[in-house]
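Engineer: Turn this into a structure:
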Amino acid sequence: MLHLGRWSQSHFSRIACAAMLPLAFSSCGSSDQPSVPLLPTTGQVFYQGRPATGATIILHPLNEQGDWKKGYPSGSVAADGSVKILTAGQWEGAPAGEYAVVVLWMPDQSGDQQISEEETTDKLAGRYADPANSSWKVKVEGAGCELPKIDLR
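Structural biologist: Got it, this is the predicted structure:
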């Protein structure tokens, strides 16, 4: 059971599903090309001054127009704090547009072991999971986008 304070589990589940859809569909692509041009989108994410390794960054479109069946642009934070945004879990970059930046940081789920309640809880307690209250808005345009440096607390 997820414990996210004021967050309802169904709200969190919708956001988590949007983040995971690219992974689910990455091997089911029906074409070799994205349906819209993608612009390189990168950034850096830190938690208390250290890389937020494994956190997921999701670009939630402020304008819901577009084909998002395969999930919103997202990326996983690398060991050095860098993140490269992928669309549909396979193509580098994000479509042009304005986005709210959402951050989820779920514990690493490895193996077939029994999962405890602690292992299914966002390490950030949902503080950065609501696009309506996001502190970071970005506009992907031109030659691409460098996300503002994100320092989580």
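Engineer: Tell me how many other residues surround residue 91.
Structural biologist: Look at residue 91: counted by other CB atoms under 10 Å, it has 20 neighbours. In short, each C-beta sits where N, CA and C put it, glycine included.
Engineer: what helix or strand is the nearest residue to residue 35 once chain neighbours are set aside on?
Structural biologist: Nearest residue to residue 35 in three dimensions, chain neighbours excluded: residue 67, at 5.8 Å (CB to CB, 6 or more residues apart in numbering). Assigned by DSSP states H and E, residue 67 belongs to neither a helix nor a strand.
Engineer: Let me know the distance separating residue 67 from residue 99.
Structural biologist: 15 Å (CB to CB, to the nearest Å).
Engineer: With neighbour numbers in mind, choose between those two.
Structural biologist: Remark: of residue 67 and residue 99, residue 99 carries more neighbours, 26 against 10, as counted by other CB under 10 Å.
Engineer: so who does that one touch?
Structural biologist: 59-62, 73, 137-140 (CB atoms under 8 Å, 6 or more residues apart in numbering).
Engineer: in this protein, which residue is closest to the centre?
Structural biologist: What sits nearest the mean C-alpha location of the chain, by CA atoms, centre = their mean, is residue 58, with 2.3 Å.
Engineer: From the chain's centroid, how far away is the helix or strand hosting that residue?
Structural biologist: Assigned by DSSP H and E, residue 58 belongs to strand 56-61. Computed by CA atoms, centre = their mean, to the nearest Å, the chain-centroid distance of strand 56-61 equals 4 Å.
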